[in-house]
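**Q** missing the sequence, but the structure's below:
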């Protein structure tokens with residue numbers, strides 16, 4: 001799946017919501033803290049991590065690539 005962003009970056013929790021991988025910010029917070037989300041192949045526990053164009057975020061068997 002690909003997501004296009006207008007700004008330079010998007011925060012990890014916002015990307016999870018925008019892509020529909022989670023239903024709420026609260027859910028995003030918990031799946032990130034539970035080490036269930038990876039960014040570019042590495043587990044990430046920082047909800048506010050900046051995701052840039054070209055990055056890949058994976059959760060629950062789905063990978064989202066940010067369009068460049």
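**A** Done, it's in. Everything quoted here is computed from the prediction, not taken from an experiment.
**Q** can you map out the strands along the chain?
**A** 2-3, 9-11, 37-39, 42-43, 50-52, 56-59, 62-66 (DSSP state E).
**Q** Reformat those strands as CSV; add mean pLDDT and distance to residue 31.
**A** All C-beta atoms are positioned from the backbone trio N, CA, C, and that covers glycine. As requested, the strands of the chain are exported to CSV (pLDDT from 0 to 100; distance: least, C-beta to C-beta, whole Å):
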stretch, mean pLDDT, distance to residue 31
strand 2-3, 93, 17
strand 9-11, 95, 14
strand 37-39, 97, 6
strand 42-43, 96, 11
strand 50-52, 96, 15
strand 56-59, 96, 6
strand 62-66, 95, 12
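**Q** Just send those back as CSV, with mean neighbour count and distance to residue 27 too.
**A** CSV is the format used below for the strands of the chain (neighbours: other C-beta atoms under 10 Å; distance: least, C-beta to C-beta, whole Å):
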stretch, mean neighbour count, distance to residue 27
strand 2-3, 14, 17
strand 9-11, 18, 15
strand 37-39, 19, 11
strand 42-43, 8, 18
strand 50-52, 16, 17
strand 56-59, 19, 11
strand 62-66, 15, 14
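**Q** Quick one: residues in contact with the longest helix that the chain contains.
**A** If each helix of the chain is counted by residues according to DSSP state H, the longest one is helix 25-33. Under the criterion C-beta atoms under 8 Å, 6 or more residues apart in numbering, residues 12-14, 16-17, 22, 37, 44-47, 59-60 lie in contact with helix 25-33.
**Q** In it, which residues are buried?
**A** Within helix 25-33, the residues scored as buried using 16 or more other C-beta atoms under 10 Å are 28, 31, 32.
**Q** What is the nearest of those to residue 6?
**A** Lowest distance from residue 6 to the buried residues of helix 25-33 (C-beta to C-beta) belongs to residue 28, with 19.9 Å.
**Q** Please tell me how far the longest helix of the chain is from the chain's geometric centre.
**A** Distance of helix 25-33 from the chain centroid (C-alpha atoms, centre = their mean, to the nearest Å) equals 10 Å.
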